[in-house]
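1. build me a model from this:
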Amino acid sequence: MRTVVVANAKRLVVWSLALLVIGATLGVAWAATPHQPRPGSVAAATDGTNVTVTERSGSYVIREPGGDPATVALVFYPGGHVAPEAYVPVLAPYVEQTGVRVYVPKMPFTLSVLDPDRAAAFREQAPEIRTWYVGGHSLGGAMACRYAGNEPDQVDGVVLLGSYCDRSLNGTGLSTLQVLGSRDGVVTGAKATASDKFLPSNATVITIEGANHTQFGSYTGQKGDLSANISYEVAHQRIRDVLWAWSGSESDAIPAPENGTLVPEPNEN
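-> From the prediction side, this is the model:
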């Protein structure tokens, strides 16, 4: 009887180890194949704008060329299982337009939840930056929210693109922008509404009519997303318009966007 029990125990250990190895292998394979940018979209964005895009150990820095006199920076966390470079087409023209330096970090296993404090490393490397924003897309935005909530004295604002807060920013005094898509099948209107309680009372919330989840980056294949009613180009321009207005509103140089829905012109879809 004891021989049978020991044999069964050994068999259980062997099967458990085998399942762990299989699970780890599948996990590594999944992390190694994140959503990539649409073919040609990064080249089109960088070739058509006067910015410098630098890749460092999988992370991306988008800045003005030459001396780069930026004093404002945004650390933008990618969405879960999305390659950092998928956000270059959205953000490169914004950098050219505003002079804001943008960092898009590579995350462990492409998941920001494994390193929500990643922004701290960029802050330490750039003492010349006086104003810091953190933000992100989808899960990345939620993790940026956590960082901002834990370190409100270290950042000046939060940018949520197709994203939400899952920890409260109430009482932090942080400027907060949330941009949603009416065709987003991942961060739906209901999900965003459920997280409203975590946003500061002065948060700016904009919905882009016709935009879906992947259009906050430049990739395809997002499980659960809806089909968009506008093109990537129109969606990206609308996102940048809102970012530009919001980031300039503190100096009163540019009117701040008002809460509501942004509807593209008929010839822009």
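
2. how close does residue 138 get to residue 239?
-> According to C-beta to C-beta, to the nearest Å, residue 138 and residue 239 sit 14 Å apart. Every C-beta, even on glycine, is put in place using the N, C-alpha and C of the backbone.

3. out of the two, which sits in the busier spot?
-> Using other C-beta atoms under 10 Å as the criterion, residue 138 and residue 239 rank with residue 138 on top: 27 against 24.

4. contact partners for the more buried one?
-> Residue 138 is in contact with 79, 80, 82, 162, 163, 186, 187, 213, 216, counting by C-beta atoms under 8 Å, 6 or more residues apart in numbering.

5. what's the separation between the last one and residue 166?
-> Relative to residue 166, residue 216 is positioned 17 Å away (C-beta to C-beta).

6. also the second one?
-> Taking C-beta to C-beta as the measure, residue 80 and residue 166 are separated by 13 Å.

7. those two: who's more crowded?
-> When residue 80 and residue 166 are compared for neighbours, residue 80 comes out ahead with 21 against 15, by other C-beta under 10 Å.

8. so what pLDDT did the residue nearest to that one when sequence neighbours are not counted get?
-> Closest residue in space to residue 80, ignoring its immediate chain neighbours: residue 139 at 4.0 Å, by C-beta to C-beta, 6 or more residues apart in numbering. Turning to residue 139, the model gives it a pLDDT of 97.

9. quick revisit: any common contacting residues for residue 138 and residue 239?
-> With C-beta under 8 Å, 6+ apart as the test, residue 138 and residue 239 both reach residue 216.

10. using the three-state scheme, assign residue 116.
-> coil (DSSP: H, G, I helix; E, B strand; the rest coil).

11. please list all residues in contact with it.
-> Counted by C-beta under 8 Å, 6+ apart, residue 116 has contacts 143, 144, 146, 147.

12. inside strands: which ones of the contacts of residue 138?
-> Among those, the members found in strands (DSSP state E) are 162, 163.

13. of the contacts of residue 138, buried ones?
-> Applying 16 or more other C-beta atoms under 10 Å to the contacts of residue 138, the neighbour count classes 79, 80, 82, 162, 163, 186, 187, 213, 216 as buried.

14. just send these back as CSV, with distance to residue 228 too.
-> Formatted as CSV, these follow (distance: C-beta to C-beta, whole Å):
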residue, distance to residue 228
79, 16
80, 20
82, 16
162, 12
163, 17
186, 13
187, 14
213, 9
216, 11
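
15. which single one of those is nearest to residue 111?
-> Taking C-beta to C-beta as the measure, residue 111 sits nearest to residue 80 out of those, at 5.5 Å.

16. output the contacting helices and strands for the one helix or strand residue 96 maps to.
-> Using DSSP states H and E, residue 96 sits within helix 88-98. Helices and strands touching helix 88-98, by 3 or more C-beta pairs under 8 Å, 6 or more residues apart in numbering; DSSP states H and E, are helix 41-47, strand 59-63, strand 72-77, strand 101-104, helix 232-248.

17. nearest to residue 200, of the ones you listed?
-> Nearest to residue 200, of the helices and strands packed on helix 88-98 and by C-beta to C-beta, is helix 232-248 at 13.6 Å.

18. that closest one: which residues count as buried?
-> So, applying 16+ other C-beta under 10 Å, buried residues of helix 232-248: 232, 234-248.
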